[in-house]
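Participant: Structure of the sequence below:
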Amino acid sequence: MTQAGSVSNFDVVILGAGLAGLSLARQLLLGSNKKVLLLEKWAQVPVERQKVGEATVQVSGYYLSKILDLEEHLLREHLMKYNLRFYWKTPGQKNDCYEDYSQSYIRNLSNIASYQLNRNKIEGELLRLNLQNLNFSFQPGISDLDVALANTEQPHVVRYQVEGEQREIHAGWVVDTTGRAKFISRRFGLTKSSPIHHGSTFFWVDGLLNIEKLTAASDVERLKHKGRRMTGHLPVWLATNHFVGEGYWFWVIPLQGRTSLGLVYDKSRVPEESVSSPAKVVDWICREFPLFARDLPNRKIIDHGMFRDFAYDCRQTISADRWALSGEAGRFTDPLYSPGGDLIALYNTLIADAICTEDANALAIKVRVYELLMWAFYEAYVPSYSISYDALGDQECYAMKYGWELTVYFTFYVFPFINQVFTETSFIVPYLDLFAKLGVLNNSLQTFIAAYYHWKKGQPVQFSEPNFFDFMFFEPLRKSEELFYEVGLSGSECMKVLKHAKSNVERLARFIAVYIYSAVLGDENLLSNKELADSIRPDKLQFDPEKMRQECSRLDSAKDVKLAKAAPNFIARFRKTDGSSQEETAPPEIQPAAVSITAAKYAARR
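Facilitator: This is a model prediction of the structure:
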């Protein structure tokens with residue numbers, strides 16, 4: 001390290017040794033010969049306090065395991081994640097047992113693995129690996145940090161104190177990963193407000209909280225329960241389990257030897273003072289979801305934290321003047337769907353490529369499109385949290401919302417990322433054009449679903465038995481997952497795939513719109529009405545039941561069942577009106593005919 005009174009030169013100085021900074025350092029060390037200095041205010045890394053933000057999804061899981069080559073560590077020291085699962089109270093049930101709850105989920109594991117991270121442990125491993133590289137330097141325990149950003153080819157100047165001594169560093173690039181301290185964003189007036197106003201109180205308890213055991217049933221009864229016809233036998237506790245209601249959700253995330261728990265809430269729906277401490281959240285959640293009263297009040301809380309208002313934006317996150325922001329130093333939306341790790345993966349990939357671009361003209365071109373792409377990635381998440389968050393309160397509405405969002409995610413985020421084309425400007429420009437059109441459609445559909453949710457609250461409650469729905473019952477979602485196997489494509493080849501896949505995404509949007517029309521107007525025939533299917537504009541939807549009725553009164557009666565085939569099982573599960581128990585339906589990948597053939601072969605062998 002630099003001695004007092006001397007100056008050292010580094011290609012990159014990273015401010016903040018959290019997940020974003022440590023990951024970026026490893027990505028640079030694996031992919032270049034850049035000399036990297038990582039500065040951190042805390043003397044101990046990882047810090048002693050437990051860190052929140054444990055769940056990953058496909059992009060972040062792929063980034064950590066494949067790009068950063070942490071797969072063995074992840075499988076040894078962390079838990080593989082079993083997708084996301086959502087639970088609703090069932091009207092007419094006591095809801096004091098696991099079996100009482102309606103569920104939506106994806107039954108099969110994803111081909112792209114994701115993980116439940118102990119953040120402290122993975123950050124410790126990243127630091128250990130980085131320190132093995134001679135191009136990496138680390139200085140913890142710094143204070144009085146000051147950064148003078150140059151706007152020419154001159155180096156940036158970074159000054160700080162450590163153990164009472166003044167140090168000065170000259171850097172080619174400065175990257176801020178200081179998290180919510182937002183060092184550069186605050187220093188240079190880049191902070192920007194967000195339309196999302198949500199809070200969170202979170203804590204960790206000792207041991208595994210296995211939600212399947214929150215029941216009065218015996219072990220035999222629990223294991224033989226008829227609900228397993230739909231859910232199967234994988235450990236449900238490996239999922240990120242969400243217990244949801246209008247404008248709020250409570251997470252249950254397993255870690256090795258402990259469980260992460262947290263309430264996220266729209267402050268206009270849940271009074272902050274009622275959930276402002278772990279003890280208050282425990283009381284609140286046991287009232288809202290009585291099954292937790294069987295276990296949670298007796299658990300030892302080992303750490304906790306809270307954010308009163310966690311969402312924010314940023315005016316700029318990368319510059320041709322050789323500075324950038326990643327992780328929570330720049331932007332943050334909401335922990336629903338775990339987008340924080342994805343944004344780290346996406347931003348770090350763009351930042352690392354910019355740092356390795358030596359030609360100033362090429363860098364200027366890249367930075368312009370990278371800034372647009374970084375903004376677009378963030379902005380695309382916002383409607384999910386600012387428009388249709390209330391739809392968490394209803395299983396049918398939320399199934400449409402999440403099925404749509406996941407189809408978009410697999411298609412426009414995961415597929416390009418695993419093909420590593422986000423650093424090709426020839427791909428980004430047409431991608432952004434396509435993505436902008438998708439944004440209009442997304443806003444329209446999110447608003448339409450939200451309006452349907454509020455309309456539906458005034459309608460009679462239909463279900464008195466738990467309802468099970470696999471999101472993969474949406475055929476367009478299944479098709480979007482097939483893109484995980486479309487690997488090794490160039491940027492131009494990826495664009496061809498995306499232009500074709502866009503019709504699949506639009507098909508789901510059209511189905512959702514027509515389905516809501518049919519539900520509001522009480523006419524299932526609309527689901528197969530050819531004229532409605534052809535004429536409806538998912539990008540220009542307006543929820544006005546009277547106008548919708550007038551519009552449909554003029555329709556031709558010609559039928560076409562193609563659109564309804566996008567989700568026949570969804571229709572079957574949510575158009576039940578008699579309150580009777582549902583028929584169990586085999587998931588689309590296991591058709592009854594196939595089961596019969598298998599049974600016949602087995603009988604023949606015997």
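Participant: Residue 300 contacts residue 205, doesn't it?
Facilitator: Yes. Assessed by CB atoms under 8 Å, residue 300 is found in contact with residue 205 at 6.2 Å. Just so you know, the C-beta spots here come from the backbone N, C-alpha and C atoms, and that holds for glycine as well.
Participant: Counting neighbours, go ahead and name the busier of the two.
Facilitator: Shown here are residue 300 and residue 205; by other CB atoms under 10 Å, residue 205 has more neighbours (22 against 9).
Participant: Could you look up the SS state of that one?
Facilitator: Reducing the assignment to helix, strand or coil with DSSP: H, G, I helix; E, B strand; the rest coil, the entry for residue 205 is strand.
Participant: Regarding the chain, what is its longest strand?
Facilitator: With residue count as the measure and DSSP state E as the assignment, the chain has strand 165-176 as its longest strand.
Participant: List the buried residues for it?
Facilitator: Judged by neighbour count using 16 or more other CB atoms under 10 Å, the buried positions of strand 165-176 are 167, 169, 171-176.
Participant: can you list those residues in CSV and add pLDDT?
Facilitator: Shown next, in CSV, are these (pLDDT from 0 to 100):
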residue, pLDDT
167, 96
169, 97
171, 98
172, 98
173, 98
174, 98
175, 98
176, 98
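Participant: For residue 333, state which of those is nearest.
Facilitator: Taking CB to CB as the measure, residue 333 sits nearest to residue 176 out of those, at 18.5 Å.
Participant: I'd like to know how far that closest one sits from residue 36.
Facilitator: When CB to CB, to the nearest Å is applied, the distance between residue 176 and residue 36 equals 14 Å.
Participant: Poorly predicted segments of the stretch 501-606 of the chain, please.
Facilitator: Across the stretch 501-606 of the chain, residues meeting the criterion (pLDDT under 70) sit at 576-606.
Participant: which residues of it fall in helices?
Facilitator: Ranges of helices in the stretch 501-606 of the chain, per DSSP state H, counting those that start in this stretch, are 530-535, 545-553, 568-574, 592-605.
Participant: Same question for the third one: list its buried residues.
Facilitator: Right, the one you point to is helix 568-574. Of the residues in helix 568-574, those buried under the neighbour-count criterion (16+ other CB under 10 Å) are 569-571, 573-574.
Participant: Check the average confidence over the helix or strand harbouring residue 128, would you?
Facilitator: Under the criterion of DSSP states H and E, residue 128 resides in helix 119-131. Mean pLDDT, helix 119-131: 98.
Participant: Send over it as PDB, restricted to the C-alpha atoms.
Facilitator: Written as PDB, here are the backbone C-alpha positions of helix 119-131 (Å, rounded to 0.1, in the frame of the first residue of the first chain):
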ATOM      1  CA  ARG A 119     -24.000 -12.200   2.300                       C
ATOM      2  CA  ASN A 120     -21.200 -12.000   5.000                       C
ATOM      3  CA  LYS A 121     -19.900 -15.400   3.900                       C
ATOM      4  CA  ILE A 122     -19.800 -14.700   0.200                       C
ATOM      5  CA  GLU A 123     -18.300 -11.300   0.600                       C
ATOM      6  CA  GLY A 124     -15.600 -12.900   2.700                       C
ATOM      7  CA  GLU A 125     -14.900 -15.500   0.000                       C
ATOM      8  CA  LEU A 126     -14.700 -12.800  -2.700                       C
ATOM      9  CA  LEU A 127     -12.200 -10.800  -0.600                       C
ATOM     10  CA  ARG A 128     -10.100 -14.000  -0.100                       C
ATOM     11  CA  LEU A 129     -10.000 -14.700  -3.800                       C
ATOM     12  CA  ASN A 130      -9.200 -11.200  -4.800                       C
ATOM     13  CA  LEU A 131      -6.300 -11.000  -2.300                       C
END
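Participant: possible to save the buried residues of helix 568-574 as TSV with distance to residue 346?
Facilitator: Formatted as TSV, the entries for these read as follows, by distance: CB to CB, whole Å:
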residue	distance to residue 346
569	33
570	31
571	35
573	34
574	34
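Participant: Closest to residue 314 out of those residues?
Facilitator: residue 570 (37.9 Å).
Participant: Find the nearest non-adjacent residue to that closest one, please.
Facilitator: Ranked by CB to CB, 6 or more residues apart in numbering and with sequence neighbours excluded, the top spatial neighbour of residue 570 is residue 473, at 5.4 Å.
Participant: per-residue confidence for that neighbour?
Facilitator: In this model, residue 473 is scored at 97, pLDDT.
Participant: tell me the contacts of residue 326?
Facilitator: By CB atoms under 8 Å, 6 or more residues apart in numbering, the contact set of residue 326 is 20-21, 24, 175-177, 317, 344, 347-348, 351.
Participant: for the strand or helix carrying residue 380, packing partners?
Facilitator: With elements taken from DSSP H and E, the one containing residue 380 is helix 360-386. Where contact means 3 or more CB pairs under 8 Å, 6 or more residues apart in numbering; DSSP states H and E, helix 360-386 is packed against strand 318-319, helix 339-355, helix 395-409, helix 425-456.
Participant: Next, format these as TSV and append mean pLDDT and mean neighbour count.
Facilitator: Formatted as TSV, the entries for the helices and strands packed on helix 360-386 read as follows, by pLDDT from 0 to 100; neighbours: other CB atoms under 10 Å:
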stretch	mean pLDDT	mean neighbour count
strand 318-319	98	22
helix 339-355	98	24
helix 395-409	98	24
helix 425-456	97	18
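Participant: Go through these and name the closest to residue 507.
Facilitator: Evaluated over the helices and strands packed on helix 360-386, closeness to residue 507 peaks at helix 395-409, with 9.4 Å, by CB to CB.
Participant: strands paired with the longest strand of the chain, and their directions?
Facilitator: Strand 165-176 has its sheet partners listed here by DSSP bridges as strand 7-15 (parallel), strand 156-162 (antiparallel), strand 323-325 (parallel).
Participant: what's the most buried one of those?
Facilitator: Mean neighbours per residue, mean count of other CB atoms under 10 Å, is largest over these for strand 323-325, with a mean of 27.
Participant: for that strand, what is the average pLDDT?
Facilitator: The predicted model assigns strand 323-325 a mean pLDDT of 98.
Participant: Give me the contacts around that strand.
Facilitator: 149, 156, 173-177, 182, 184-185, 190, 314, 317-318, 347, 351, 354.
Participant: same deal with stretch 218-237?
Facilitator: Taking contacts as CB under 8 Å, 6+ apart, the residues outside stretch 218-237 that touch it are 82, 85, 98-99, 103, 105, 107, 109, 208-213, 215, 217, 252, 254, 466, 468, 470, 584-585.
Participant: coming back round to it: if I look at the residue nearest to residue 570, how far off is residue 572?
Facilitator: Computed as CB to CB, the residue 473 to residue 572 distance reads 9 Å.
Participant: What of residue 51?
Facilitator: According to CB to CB, residue 51 stands 43 Å off from residue 572.
Participant: Any chance you could give me stretch 446-456 in PDB, C-alpha atoms only?
Facilitator: This file holds the C-alpha atoms of stretch 446-456, laid out as PDB (Å, rounded to 0.1, in the frame of the first residue of the first chain):
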ATOM      1  CA  GLN A 446     -49.600  -3.200 -15.100                       C
ATOM      2  CA  THR A 447     -52.200  -0.400 -14.800                       C
ATOM      3  CA  PHE A 448     -54.900  -2.700 -16.200                       C
ATOM      4  CA  ILE A 449     -54.200  -5.500 -13.800                       C
ATOM      5  CA  ALA A 450     -54.100  -3.000 -10.900                       C
ATOM      6  CA  ALA A 451     -57.500  -1.600 -11.900                       C
ATOM      7  CA  TYR A 452     -59.000  -5.100 -12.200                       C
ATOM      8  CA  TYR A 453     -57.700  -5.900  -8.700                       C
ATOM      9  CA  HIS A 454     -59.500  -2.900  -7.100                       C
ATOM     10  CA  TRP A 455     -62.600  -3.700  -9.100                       C
ATOM     11  CA  LYS A 456     -62.500  -7.300  -8.000                       C
END
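Participant: Many thanks, have a good one.
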